[in-house]
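Asks: from the sequence below, what's the structure:
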Amino acid sequence: MLSRQLLRIDLNLLLALQVLLEERNVTRAAERLNVSQPALSKTLQKLRETFDDELFTRTAHGLIPTPRAEELGRGLPEALEKLDAILQPDEFDPMSYEGTFRLAMPAMFTEVLLPRLMHELAEVAPQIRIISGDVGLDFQERLKLGEIDFAIAVVERTDTDVHAEPLRTISPRCYMRKGHPLIDKAITLKDFLAYPHVRLYLPGLTRENLGLVDEVLAERGLYRNVVLETTQFAPAVGVLSNTDCILIANAGLANSPAVEDNIVVQDIPDELSRLFSGHSGGKRTRLALVRHTRTSNSEPHQWLRRLIVKLMAEQDTIEE
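Replies: Next up is the predicted model:
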């Protein structure tokens, strides 16, 4: 608990006291503090009132500290150095920085981002610790409370103190089992629609915002037969392995441990690809890296933000 003495004191007085102890001369101390001699004399009077002691006596040889001033002088330099260190932000060095960051993201992104992120951190910031969890619909509130540092989420709007940085998205590919009837052939849109589908979706998407594939198909009165919707990539792959279902997901997920030897990744139908390229985007919400403005001036947070954005830009992002 802070003492009444500390609550009452002006820290500038302590700085003046330290300079007076070093110089033992009001004129020289005033020059170092960049104040007038009369102003420093007033400061000295405040110091005397604060500590209820004369602190210095004037002699022909300058100021002589009292025992109380000498006592203060023994602990004051270290205290001021510690205060100065607190006020001066440390230069951020990823290699030596020790800290923990909490990330919330859709389950499917743990397959894509986390392995690459942890590999990168092991190389350039080995003492950083990551705690990763699922992103819920309350991610903005959790950011405000400091429970998480970043969220990857579908964002329609943000509160004024929450910032969302759009993440790059790239057209997807088709996942299916080896031995699927469409393997090793140029898949037409008719072929694509003839088989059942597993649909990956991101938390936060509504029934009116189902993703690029369903949006461009619906504009032309076409619909695919989605038999399973899930946020989990690994179970989706398990379903593919045992059915003729097709999964639309980004090419980067092919490197996931969940993709077994019997899963094949193929290009999406050319006709569907052309529909993507001519699509204006409609009302679809976008994937974003979301953070609270309280971290805007934190160099470690901004460094990690830039790293995540870079890794996501290098990685095909899910756009089902």
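
Asks: quick check: pLDDT value at the spatially closest residue to residue 286 that is not a sequence neighbour.
Replies: Distances taken as Cβ to Cβ, 6 or more residues apart in numbering place residue 166 nearest to residue 286, at 5.1 Å, with adjacent residues excluded. Any C-beta I mention is one placed from the backbone N, CA and C, and that applies to glycine too. On pLDDT, residue 166 comes in at 88.

Asks: count the residues that sit near residue 166.
Replies: Look at residue 166: counted by other Cβ atoms under 10 Å, it has 11 neighbours.

Asks: that one contacts residue 288, correct?
Replies: Yes. If you go by Cβ atoms under 8 Å, residue 166 and residue 288 touch, sitting 5.3 Å apart.

Asks: give me the buried stretch members for the helix or strand harbouring residue 271, please.
Replies: Following DSSP states H and E, one finds residue 271 within helix 270-277. Of all the residues in helix 270-277, those buried under the rule 16 or more other Cβ atoms under 10 Å are 272, 275.

Asks: just give me how far it sits from the chain centre.
Replies: 34 Å (Cα atoms, centre = their mean, to the nearest Å).

Asks: after it, which helix or strand is next?
Replies: Scanning onward from helix 270-277 (DSSP H and E), the first element met is strand 286-292.

Asks: contact partners of that following strand?
Replies: 139-140, 143-144, 146, 149-155, 158, 161-167, 169, 202, 301, 305, 308-309, 312, 317-318 (Cβ atoms under 8 Å, 6 or more residues apart in numbering).

Asks: verify the contact between residue 312 and residue 168 for me.
Replies: Yes. Counting by Cβ under 8 Å, residue 312 sits close enough to residue 168 to count as a contact (6.3 Å).

Asks: and these two? Which one has more around it.
Replies: residue 312 (23 against 14).

Asks: what comes up buried for the host helix or strand of residue 215?
Replies: Under the criterion of DSSP H and E, residue 215 resides in helix 212-219. Buried residues in helix 212-219, defined by neighbour count with 16+ other Cβ under 10 Å: 212-217.

Asks: and the residues you listed as TSV, adding distance to residue 188?
Replies: Shown next, in TSV, are the buried residues of helix 212-219 (distance: Cβ to Cβ, whole Å):
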residue	distance to residue 188
212	19
213	15
214	18
215	20
216	16
217	14
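
Asks: quick check: the closest residue to residue 289 other than its chain neighbours vs residue 306, distance?
Replies: What sits nearest to residue 289 in space, not counting adjacent residues and going by Cβ to Cβ, 6+ apart, is residue 165, at 4.7 Å. Residue 165 sits 10 Å away from residue 306, going by Cβ to Cβ, to the nearest Å.

Asks: returning to what we had before: between the buried residues of helix 212-219, which is closest to residue 83?
Replies: Within these, the smallest distance to residue 83 is 55.1 Å, found for residue 212 (Cβ to Cβ).

Asks: which among the contacts of strand 286-292 end up buried?
Replies: Those of the contacts of strand 286-292 that meet the buried threshold are 139-140, 143-144, 149-155, 162-164, 167, 169, 202, 301, 305, 308, 312, 317-318, by 16+ other Cβ under 10 Å.

Asks: now do the domain split for the protein, please.
Replies: 4-87, 99-168+285-314, 173-277 (automatic domain parsing).

Asks: how about these, which one is nearest residue 93?
Replies: Comparing these under Cβ to Cβ, the one sitting nearest is domain 99-168+285-314, at 9.0 Å.

Asks: can you point out the buried residues in stretch 296-304?
Replies: Judged by neighbour count using 16+ other Cβ under 10 Å, the buried positions of stretch 296-304 are 298, 300-301, 303-304.
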